Each structure stands twice: as C-alpha cells, then as structure tokens.
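Asks: Got a predicted model here, sequence first, then my questions.
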Amino acid sequence: MTEILDAAGQVFAEAGYEKATTNAIAAAAGISPGSLYQFFGNKEAIAVALAERFVEQMREAHTAALAGLDVSTMDWRDVLDRTVDPIVAFNVANPGFKALFARPDMPPGLAAAAAPIQAALLGRVEAVIAAKVPDLPAADRTRTARVAIQVFQAMLPMLLAAPPDERPVVVGEIKKVLHGYLAAL
C-alpha cells in the first residue's frame, strides 16, 4: 500500500488531482488497476489515505521539532528555525501534498480529506502561539495562526520552484516575513 500512496503522490503532483487516474497511479506503482482496487475503491479513497499519511508525517515532524522544549521561553526566530525547516523539508519531499491539499481551488471531493490536515496544522500553530502569547484571546490566536499559515502557503510555490541551491535563501525570506508578523504579538 505504501508504494501505491507514493505513486499517487507523484501522479497527483505531475498531473493534478483532476487529471490523475487510477490507471496512471497503478502504472506508476507498477501494479495492475485490479490490484489497486483491492486496496482503494477510487481516486478519492487514495487521496483520503494520502491525507491521513500526510497528517501523521506532519505531526511527527512538528513533534520532533519542538520535543522537550519550552516554547514560551524561546525567541520567535528560534521557534521559526525549528518549525519552518521541517515543514519545508516535508513539502519538498512530498510534491503530491501541495498538488492536493495546499491549493485554494480544492475540489469538493478533496475538501473532506484536507480537513484533518488543515485542522492539525492550525491546532499546532495555535498551540505555539498560545505558548508564546498566553494572554492572547482565542479568536485572535486562531486568526493569527490562519494568517501565518496563509503567508507560508503563499510563499511555498516560490520556494518549491527555486533551484535547490537557492532554497535556503527563500526559506530565510519566509522566516523573515513570519518573524515580522509574529514578533509583533
């Protein structure tokens, strides 16, 4: 099943969700369409499984980035250094993620699959903000987290399109923008 999800991520990244087919996914995985259907009933089921895998990978990356640290005592620059880099690495390693779940024109079939990813990311960013600014009202914390996520997502295409040797510079720019916004809290 891992091979199918890997292949699906690649096919979604190359063709886009709408143009991707289960036949193309099966071919990329090196299996027959019939074998694919033993695991997944349709393209949407594959996307849901991929979303679940992405949620778990993002949770692991975020947990590892901040494990054992007291975020409340850290400077925003340190927090951003520890959290942005793993998210960037995740996006570079998973081109299918952006193709499926980091897009403003998400098809209705993907919206439900994306909801857990969006909720998990929002919750993690809100938790960091709450640790750094404990007296910030919940509504303000949620809005701030949403804006920070949108800023990152808006800059992500530029980062992913950059040549590998230019990416660290772009990551630095992303961190500058986020620091300017979050440090003002």
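Replies: Yep, that arrived.

Asks: R146: what's it in contact with?
Replies: L122 (C-beta atoms under 8 Å, 6 or more residues apart in numbering). For glycine as for every other residue, the C-beta is placed from the backbone atoms N, C-alpha and C.

Asks: Name the helix or strand for it, please.
Replies: Using DSSP states H and E, the element containing R146 is helix 138-161.

Asks: export the lowest-mean-pLDDT helix or strand in the chain as PDB, just CAs?
Replies: Lowest mean confidence among the helices and strands of the chain (mean pLDDT, DSSP states H and E): helix 95-101, at a mean of 74. Only the C-alpha atoms of helix 95-101 are listed here, as PDB (Å, rounded to 0.1, in the frame of the first residue of the first chain):
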ATOM      1  CA  PRO A  95       5.200  17.100  -4.000                       C
ATOM      2  CA  GLY A  96       1.800  15.500  -4.100                       C
ATOM      3  CA  PHE A  97       0.900  17.300  -0.800                       C
ATOM      4  CA  LYS A  98       0.800  20.700  -2.400                       C
ATOM      5  CA  ALA A  99      -0.900  19.400  -5.500                       C
ATOM      6  CA  LEU A 100      -3.700  18.000  -3.400                       C
ATOM      7  CA  PHE A 101      -4.100  20.000  -0.200                       C
END
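
Asks: circling back to that earlier point, give the next helix or strand downstream of the helix holding R146.
Replies: As assigned by DSSP H and E, the chain's next helix or strand after helix 138-161 is helix 167-182.

Asks: what helices or strands is the least confident helix or strand of the chain leaning on?
Replies: Helix 95-101 sits against helix 2-15, helix 43-66, helix 76-93, helix 108-132, helix 138-161, with contacts defined as 3 or more C-beta pairs under 8 Å, 6 or more residues apart in numbering; DSSP states H and E.

Asks: I'd like to know how many residues surround L36.
Replies: Residues lying near L36 (other C-beta atoms under 10 Å) number 23.

Asks: circling back: got the angle for the helix holding R146 vs helix 167-182?
Replies: Orientation of helix 138-161 against helix 167-182 (axes from the mean of the first three to the mean of the last three C-alpha atoms, to 10 degrees) gives an angle of 160 degrees.
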